[in-house]
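K.L.:
have a look at this fold, sequence not included:
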Ligand code: ZN
Ligand code: ZN
Ligand code: FE
C-alpha cells in the first residue's frame, strides 16, 4: 500500500467520549484505532467518560474521530463526543493510561452481557486453558453491573478484586492484541472464582460440583444456583414431581416458571417461536421471552397458562449446566414469593433451606441484585415487561436536559429512576414494596446508584398516594419532593421514552392509582403534557366491594359489574357451582353499598370481573392473573364485538361498560365459548379506546396517543388498539424500553418533576 503524505507538524487533540463506554471494550478499541491511524497519545477512563489525547496529522485525526463513533464496539453507546485542539506534547506511542479516580461526572455502567460466541467456543474446547471454566468472560461479555462497586470501571473496584490475576491472565490483560485486553473481570481456573456444591446443611459435597449438581437435577432434586445477580432455584422442567415440589416449597401455586434450555435448537423444539422471538432469545441481553408452549414440559411448569417464559443460558455456568443436564430446566428466582432475590451464600443457605436440596455456589460476591428480565414480542417489536438483567442500568435517552431528579416509583413492581443531564437511569426491577426485605433492597439499590452515578438529586418525585412506602421514603431524603398523579406518570413515561414534546392524548389503563379527586382510578383518558394532566375521559365508575380485597377475590368485581349491568340473576347462575347462595347474597349486597364498595374506574378490575364471570382466575395467586388468563384464553380471530356506548359526565367522556358486561354474561349463558367471548371482549375494549380517542381528537385537536399502564402488558389489547388507532391516522406510542405497568412509573415521574421544576425556576 502506498500513500502520499505531506510532511507536516503533528497536531494534538483532546477528545472526550461519553455514553456506555466503560466495561464494553472501549479503551482497547481506541488503542487499536489509534495504532491503525498511526496516532500517538493515550486513553483513559475519567469518571464515567473516556478521555483521549491523540497526536498526528489532521487527516488521520479526522478519520480517527469519525471512526470513534462509526466503528465503536457493538455494546458501547456513544452519547456525545467532544473534541478540541491542543498543543502536541510529543508522545512516542499510544498507551492506555491508569484511570483517574474521584472525578465528578456521570458514569454509565454497562448491564451484564451474555457469554459471547468466542468465549463459548473456548468454554467447550478441550485444548483451551479455560475449558469448562464457569467464569470465562472477555471485553465483549460477562458481568458488569453485578460486580462493579464503584467507578471508574477497573478490576480493583469490582468484586473481582478478591482474585489477583495469574501470570497467564495478566499477560492477556496487558496485551493490546488480545481480546481480554483490559477485560476487568477476566479469570481462569488458576486464579478466578471456583464453584462448590453444598448439601442442604451447607457442607461441601465431594467431586466435580457441576457434575454433582447435574446429577442431582436429573434425579429430581431442587438445586439453588448462584447466578450473577443472585440465586435461582432450578429443577428438571420435564419432571412433574420435581416441578410440583418446587411449587409447593416456593409457595407459588400457578404463576408460570421460566424455563432455560441449552440452545436455540432445543428452544425451537420446546417452544413455539416466531423469528422475532428467536432473535430476542439469542440477543446479548438474553432475557426471558414469553412464548407459546408445545406441551412438552411438565404440566406444573405453567399450569393453566398457554404462554410461559423461555430463556437461553446467559452465563458460562448456565451453558455448562444445561448441557450437562441436557433437559430444559426450570430457572426461577431464588426467593419466596414476593421477597427480593437472595444474593449471599449464607443468606441463601438460611432462607432457601426449606426450598433447595443442594446449593451450587461460588466465591465471588454479588454486588447487586439482578433479576432476569422479562420481554415479549408485540406489534412493532419487543417490549420489556420486567427490566433488570441485560437492560438496566442502560440509560434511556431523554429529549432534553434538566436538573438531577430522583423518582421512587409506586408500590408494586417498584423501580426508581435517576435523571441526569439528558439521560434517565431506571433501576433494575426491585419488586413489590410490601415487606421489610423489599424496602431494604430498595434502600440498598438507591444508595448504590447515587454513589455509582455520583448524583445528589435536587428533587425527589413520588406517587400522589400518601401511604405508598415509596412516598414515605421520598419524604425522608431531605430533598424537595414532587407528587405526581399515578396515571399522569404512566403517560409521561411513554412521552419520555419516545421524546414527545407538547400535549398528547394519554390512555392509562391499570389496576389502581389514586386520582386527583381522591377516588380509585384505572381506566383513564388524559390530555397530558409533561407538567399537567387533565382528565378528559374514563371508564364508568363501578363499585369495588371490599376495596383491596377485590383484587384478591375477582368474584367481587364480577358481582359488582353484574349488578351494575342488571344481570345479577344470570351472574348467580354462572357462579352456582363455586359459591353458596349466602356468599352471593353478600356479594350482591356489598356491590350496592358505597360504604364498603368505593367506586373505581379501573380497567384492571373490569378484566378481573370478565375473567371471573367466564370461570377464569377466580382464585388468583399472583397479580394480574385473571387478566392474563383472559388474554390467553381469547380467540383473537373471534368475529363480532359487544356494544360499548359512550356517555358524558361533567364534560368527560365515559365508557359505559354495562352493555358490554351484560353481553358477556348473556353470551356465556347462551353457551358461547370462552375463547370467543374473550376475543369479542378484547375487540370491544379496543374499539371503545378508539372511539373515545376519535371524539377527543375532535375536541382537542390532539392526534398523538400514548398507551400506558399495566393493562397494556396484554399483547392482544395493545396490538389491536394500536393497529386500529394507526388505521385512523393517529400517531401511537407505547412503552417498549420500560414496563407498561408500575415498573415504568419512575421514568414518568422524573419527566413530570423536571418539567414542573423548570416552570418553578422560570425556564418553562
Ligand atoms: Zn466473551
Ligand atoms: Zn488466571
Ligand atoms: Fe399503575
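P.N.:
That came through fine. Worth saying up front: this structure is predicted, and the values here are computed from it rather than measured. Ligands and ions are numbered 1, 2, ... in the order given.

K.L.:
which ones are touching the residue in the stretch 651-764 of the chain positioned nearest to ligand 3?
P.N.:
Distances between the stretch 651-764 of the chain and ligand 3 by Cβ to the ion are smallest at residue 742, namely 4.6 Å. Placement of C-beta: from N, CA and C, glycine included. Applying Cβ atoms under 8 Å, 6 or more residues apart in numbering, one finds that residue 742 lies in contact with 409, 410, 411, 412, 413, 414, 510, 710.

K.L.:
select from the residues you listed the one having the most neighbours.
P.N.:
With neighbours taken as other Cβ atoms under 10 Å, the top of the contacts of residue 742 is residue 409, carrying 32 neighbours.

K.L.:
can you count the residues close to the spatially closest residue to that residue that is not a sequence neighbour?
P.N.:
Spatially, and ignoring its direct neighbours in sequence, residue 409 is nearest to residue 746 (4.2 Å; Cβ to Cβ, 6 or more residues apart in numbering). A count of nearby residues for residue 746, using other Cβ under 10 Å, gives 32.

K.L.:
does any part of the host helix or strand of residue 746 sit near ligand 3?
P.N.:
Using DSSP states H and E, residue 746 maps to helix 745-760. No - using Cβ under 5 Å from the ion, helix 745-760 never reaches ligand 3; the gap is at least 6.4 Å.

K.L.:
now that helix: average pLDDT?
P.N.:
Helix 745-760 carries an average pLDDT of 93.

K.L.:
again, but for stretch 646-659
P.N.:
Mean predicted confidence for stretch 646-659 is 97.

K.L.:
list the buried residues in stretch 296-304.
P.N.:
297, 298, 300, 301, 302 (16 or more other Cβ atoms under 10 Å).

K.L.:
could I get the residues you listed as JSON lines with pLDDT?
P.N.:
JSON lines is the format used below for the buried residues of stretch 296-304 (pLDDT from 0 to 100):
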{"residue": "297", "pLDDT": "97"}
{"residue": "298", "pLDDT": "97"}
{"residue": "300", "pLDDT": "97"}
{"residue": "301", "pLDDT": "97"}
{"residue": "302", "pLDDT": "96"}
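
K.L.:
quick one: stretch 31-41 to chain centroid distance?
P.N.:
Offset of stretch 31-41 from its chain centre (Cα atoms, centre = their mean, to the nearest Å): 39 Å.

K.L.:
residues in contact with that stretch?
P.N.:
By Cβ under 8 Å, 6+ apart, stretch 31-41 touches 10, 12, 43, 52-56, 60-61, 63-64, 67-68, 71, 91-96, 176, 181.

K.L.:
so the residue nearest to residue 409 makes contact with residue 418?
P.N.:
No - counting by Cβ atoms under 8 Å, residue 746 stays clear of residue 418, with 9.0 Å between them.

K.L.:
now do the shared contacts for the two.
P.N.:
Contacts common to residue 746 and residue 418, judged by Cβ under 8 Å, 6+ apart, are residue 427.

K.L.:
which residue does the stretch 551-700 of the chain bring closest to ligand 1?
P.N.:
residue 622 (35.9 Å).

K.L.:
any idea how far that residue lies from residue 432?
P.N.:
Counting by Cβ to Cβ, to the nearest Å, the gap from residue 622 to residue 432 is 10 Å.

K.L.:
ditto for residue 324
P.N.:
For residue 324, the distance to residue 432 equals 35 Å [Cβ to Cβ].

K.L.:
for residue 646, same thing?
P.N.:
For residue 646 relative to residue 432 (Cβ to Cβ), the value is 35 Å.

K.L.:
these two: who's more crowded?
P.N.:
residue 432 (18 against 15).

K.L.:
the more buried one contacts residue 415, correct?
P.N.:
No - in this structure, residue 432 is not within contact of residue 415 by Cβ under 8 Å, at 11.5 Å.

K.L.:
so what's residue 460 bridging to?
P.N.:
Residue 460 forms beta bridges with residue 406, residue 481, as assigned by DSSP bridges.

K.L.:
check which helix or strand covers residue 385.
P.N.:
Assigning secondary structure by DSSP H and E places residue 385 in strand 381-386.

K.L.:
give the contact list for residue 683.
P.N.:
638, 640, 641, 720.

K.L.:
which members of the residues you listed are positioned in helices?
P.N.:
The helices, defined by DSSP state H, take in residue 720 from the contacts of residue 683.

K.L.:
and the two most separated of the contacts of residue 683?
P.N.:
Pairwise distances across the contacts of residue 683 peak at 13.8 Å for 640 and 720 (criterion: Cβ to Cβ).

K.L.:
so the residue in the stretch 451-600 of the chain that ligand 2 sits nearest to versus residue 48, what's the distance?
P.N.:
Proximity of the stretch 451-600 of the chain to ligand 2 (Cβ to the ion) peaks at residue 452, 27.2 Å away. Counting by Cβ to Cβ, the gap from residue 452 to residue 48 is 9 Å.

K.L.:
make a PyMOL selection of the buried ones in the contacts of stretch 31-41.
P.N.:
Only the buried entries of those go into this PyMOL selection, using 16+ other Cβ under 10 Å:
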select buried, resi 10+12+43+52+53+54+55+56+60+61+63+64+67+68+91+94+96+181
